[in-house]
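Chemist: take a look and give me a structure for this.
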Amino acid sequence: MFAPPFHASARALLVLLCWWCLSGSSLTAEERSTVSTSSRSLDEIKHHGASRSKYLQPVTKPTEVKTPTADLQTFRDVIAPILEESCIDCHGPGNVEGNIQIDTLDPNLLEGDDVDWWVEVLAVLNNGEMPPPDELEMDDEDRRTVVEWLSGEVQVASTFRRATSGHSSFRRLTRYETNHALQDLLGLPYEFAKDLPPEAHSDDGFQNSSEMLHMSVKHLETYRQLARQALDRAIVLGEQPAPIHWSISMKQNSQIDWHQQQSKLDQLAEKLKDDPEKQKQEVDALRDTFQKTPRDTHYRNLTNGQKVSASWAYHGARYAKSPEDAPRVMPPTFDHVAVLPGGRNQKLIVELGDQVPDQGILRVRVRAAWLRDQDTSNDESHPPSLQLEFGWRASNEGRADMRVSLADQQVTASPDEPQIYEWDVPLGDIYPRNSVRGASKMGAMPSPSEYIRFVNSSVSKEAIQIDHVEVVAPVHDQWPPESHQRIFFASENRDDEQQYAKEVLTSFMHRAWRRPPSDAEVQRKLKLFTTIRDQCESMEEATSEVLASILSSPNFLYVVRAGENASSDLGPDADRLTPHELATRLALFLWCSVPDSELLELADNGRLTSAEELNRQIKRMLADPKAERFSQQFVHQWLDLQLLDFLNGAETKPKISPSLKEAMQREPIAFFHEMLQQDESVLQFIHADFAMVNERLALHYRIPNVHGNHFRRVTLQSDPRRGGLLTQAGLLAMNSDGTNSHPLKRGVWLLESILNDPPPPPPPAVPEIDLADPEIAKMTLIERMEDHRNHPACMSCHSKIDPWGIAFENYDAVGRWRDSINGKPVVATATLFNQQELSGVEGLKRYLLQDRQDQFVRAMVHKLATFGLGRPLTFADHSSVDQITAQVRQQGDGLATMIQQLVASDLFQSK
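Modeler: Here you go, the predicted structure:
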């Protein structure tokens, strides 16, 4: 009955096929009779679900034969009759539901065109995503027979197709990889690649995919300029530039405000000069008001207790302080301070004028202390935090304020012993700068002046006291700077320009191109140096021009394979990465950058491919601070956090403050990195007994006793409402409509990002929800969705998606927990198409941990492999992903373990 294959390609049709035609659950009768999950804690379910994993069985590798063959005899004799009994009624010649006829699928997975359909059939069988409740269940033994045959055929076919089909990771570096590569090559913290156009996202959601990273005309125009600018910031030519200094006490900074306060007293005295008694009475009363503490940022005269609110205005540049050529020692004593109250982002401006350099490091030092709230006990008060901003205001229409401190400084010093807090700010990374600097005079309009601004970023009301500020730019702690010496290193050939240039170029090419350059390549660059040397004032200038060509070369910009002669004699290993290619792939994966000297040295001597050495390098790299780049980039792309980046907190209901949105953006990355460092089980992503929060986010979650703006690990109670990724506020907020929850968005995101099981696309001509209909307008969101999916065109998609999203209904548009909506109890219970009930987020977590562990862990392997290889995975990679998943599951599901197993695999180490 099973005829030659019918060639179909729509994933949606396959989902419908598996949904309606296969009956029963993947669980055996014995498993269905086990203790109900409702009586177990989430941690117990986690362990129980893991013990039932199909991957705990020894991995059966396909028989190694030169030419494997499809097991069509077993299909005809055993599998076809089972499918015929279960599926043909709905998907046979007489009734083609979902536009798919099961008997026309080609059972030859090695060579047929329907292999992707069979993979999906296997997935839904394993996941228990069927049958419809009114259909005859498939016998457990029959189900096991189909799964075992299909699993074996998929493994054999995947391995065969990997050996016979081609694929490529050839691509250019992403913008963020280019940026980090230049940072590591030059030893500078600057944002070098900010002028490159942003990357598109592949269908998998990743920016580093080979199918997307082609070179555009815009890139070609930008890369040479980018390389030249980067080298100009790393290499110094000529004498050390003289720094300029600002040393500003709060007595100086407050002169205008004190003068204005005194003018009020003088004006009142002048007004009442003819009535001395009344004059004294009202002047004394006004002076008494100056003893009261303002609610905003203010100055205090410590001698007499007088206070005045801090003011600032851009016009006239009256607040600007002039720099000096030489530094001054910060005085040990002071009688005036600025006070920045906590809780409302109070700010203090220190204006520097129009002489702040364009490039170099701006070093800001502030002497500050924690001014404790007198109304609270020491147990209730906590140190405040200080941020630094840079800004300017040229006119009413022109203004910019940029946060330039990477991390908040926690101010713990007491007023009796204030301490110095310091920031180094790369001036070249501040954008935009005041464009009228040098074009407009100080005091004129538009104003060319610029300022720094100190911000009390604390959630609590704890105040910060500042008494003195020092600023210097450009800062060079050594000359030539380390970035220059990294390129022009010490050598006994320093006096022989030609020989020394050869050493410098060879070393730089080795690091930039991630492999030793050939003699011919070195000679070409040396010839270029010789050609332009006479046109340059120094050997360093000429070398810099050649270095720019090295950084503009495809050998730097592209992730490339070695030349044909490098692998032509490798025989069966011709498809293996060379040691240098392995070093590059590993560095791009875990550091989003180029290999360091240790990786290159190991690649040079061939030791990197040793399993023991490779494992040691993975541990070293994950422990390095540069691994935070991996957490940042992978999580952002995996979870599609650009949705959160685009969220306008001012338009959500309730509104999200910038600091809360920033905490929401940071939370999933901090959570992932903590799990990575501790090698926590990836099942913690579904539910964990801890969270990574700061004070702002803890208040949003109503978690007590969290203080300060830094993220830290906080133990949670057994309440399932928080813990893991699914209930993080930022992820819930980005999948809302800004004013209310959005079950459809949340369901799609869960299926795509967490389970790697994207739903089918909506069919054409889907009817919209008509809010103009008064009957629909008064419905709840859930009721509207039920009414919408009653349309035949909507039913198929929504039945697969909606229940997943409805489970999140206890969370509002910004991820806060709620029990009612407009006075009605929240409805967060829904039933999946296989009659599995999801009772709120706890029911969702229980179901995923009990029945979907294998799918989730495999999805994590798939996502990490896609990111690590820089290309989409195909069916040819299916067997490898299964093998890695089995190894991870057998070793406890650790996140770092998953990375180690991935890197050790043939999949990662092959081209």
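Chemist: gap between the two ends of stretch 282-300?
Modeler: Start and end residues of stretch 282-300 are separated by 22 Å (Cα to Cα, to the nearest Å).
Chemist: contacts for it?
Modeler: 250, 253-254, 257-258, 261, 264-265, 268-269, 272, 305-310, 336-341, 346-348 (Cβ atoms under 8 Å, 6 or more residues apart in numbering). The way it works is simple: take the backbone N, C-alpha and C, and place the C-beta from them, glycine included.
Chemist: buried stuff in it?
Modeler: Neighbour counts over stretch 282-300 (16 or more other Cβ atoms under 10 Å) mark 282, 283, 290, 294, 297, 298, 299, 300 as buried.
Chemist: ok, of these, which one's closest to residue 894?
Modeler: residue 297 (48.4 Å; Cβ to Cβ).
Chemist: distance of that closest one relative to residue 696?
Modeler: 20 Å (Cβ to Cβ, to the nearest Å).
Chemist: same question, residue 673
Modeler: Taking Cβ to Cβ, one finds residue 673 at 19 Å from residue 696.
Chemist: if we can go back for a sec, which ones among the buried residues of stretch 282-300 are found in strands?
Modeler: 298, 299, 300 (DSSP state E).
Chemist: any chance of TSV for these, columns distance to residue 708 and pLDDT?
Modeler: Converted to TSV, those look like this (distance: Cβ to Cβ, whole Å; pLDDT from 0 to 100):
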residue	distance to residue 708	pLDDT
298	24	98
299	26	98
300	25	97
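Chemist: just put those in a markdown table and tack on distance to residue 632.
Modeler: As requested, these are exported to a markdown table (distance: Cβ to Cβ, whole Å):
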| residue | distance to residue 632 |
| --- | --- |
| 298 | 39 |
| 299 | 40 |
| 300 | 41 |
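Chemist: let me know the closest of these to residue 682.
Modeler: residue 298 (51.1 Å).
Chemist: and the nearest residue to residue 832 once chain neighbours are set aside, what does it touch?
Modeler: Of all residues not flanking residue 832 in the chain, residue 803 sits nearest, at 4.9 Å (Cβ to Cβ, 6 or more residues apart in numbering). Contacts for residue 803 were tallied using Cβ under 8 Å, 6+ apart; they are 747, 830, 831, 832, 833, 838.
Chemist: in which helix or strand does the residue nearest to the first one when sequence neighbours are not counted reside?
Modeler: To tie it back to what came earlier, the one meant is residue 747. With sequence-adjacent residues excluded and distances taken as Cβ to Cβ, 6+ apart, residue 747 is closest to residue 805, at 3.2 Å. Here residue 805, judged by DSSP states H and E, is contained in helix 792-806.
Chemist: each with direction, which strands does whichever helix or strand comes after that helix pair with?
Modeler: Next along the chain after helix 792-806, taking DSSP H and E as the criterion, comes strand 820-821. Sheet partners assigned to strand 820-821 using DSSP bridges are listed as strand 824-825 (antiparallel).
Chemist: so after the strand it pairs with, what's the next helix or strand?
Modeler: As assigned by DSSP H and E, the chain's next helix or strand after strand 824-825 is strand 829-831.
Chemist: what lies in contact with the next helix-or-strand element following that following strand?
Modeler: Note on strand 829-831: by DSSP H and E, the next helix or strand toward the C-terminus is strand 837-839. Under the contact criterion Cβ under 8 Å, 6+ apart, strand 837-839 has outside partners 803, 804, 806, 807, 828, 829, 830, 831, 832, 843, 844, 847.
Chemist: kindly list the main-chain dihedrals of the fourth one?
Modeler: Geometry field for residue 807 lists phi and psi as phi -60, psi -20, criterion degrees, to the nearest 10.
Chemist: tell me which element the closest residue to it other than its chain neighbours is part of?
Modeler: Nearest residue to residue 807, sequence neighbours excluded (Cβ to Cβ, 6+ apart): residue 844, at 4.0 Å. Counting by DSSP H and E, the element that carries residue 844 is helix 840-851.
Chemist: how far out from the middle of the chain is that helix?
Modeler: 26 Å (Cα atoms, centre = their mean, to the nearest Å).
Chemist: for the next helix or strand after that helix, which positions count as buried?
Modeler: As assigned by DSSP H and E, the chain's next helix or strand after helix 840-851 is helix 853-869. Buried residues in helix 853-869, defined by neighbour count with 16+ other Cβ under 10 Å: 853-869.
Chemist: what's the answer for stretch 653-666, then?
Modeler: Here stretch 653-666 shows 656, 659, 660, 661, 662, 663, 664, 665, 666 as buried, counting by 16+ other Cβ under 10 Å.
Chemist: what do you get for stretch 353-369?
Modeler: 353-356, 359-369.
Chemist: just flag the most distant two among the residues you listed.
Modeler: Every pair of the buried residues of stretch 353-369 checked by Cβ to Cβ; the farthest is 359 and 369, at 33.2 Å.
Chemist: scan the contacts of strand 837-839 and report the most crowded one.
Modeler: residue 807 (28 neighbours; other Cβ atoms under 10 Å).
Chemist: so what's that residue up against?
Modeler: So residue 807 contacts 828, 829, 830, 838, 839, 840, 841, 843, 844 (Cβ under 8 Å, 6+ apart).
Chemist: so what's the residue count around the fourth one?
Modeler: When neighbours are defined as other Cβ under 10 Å, residue 838 has 23 of them.
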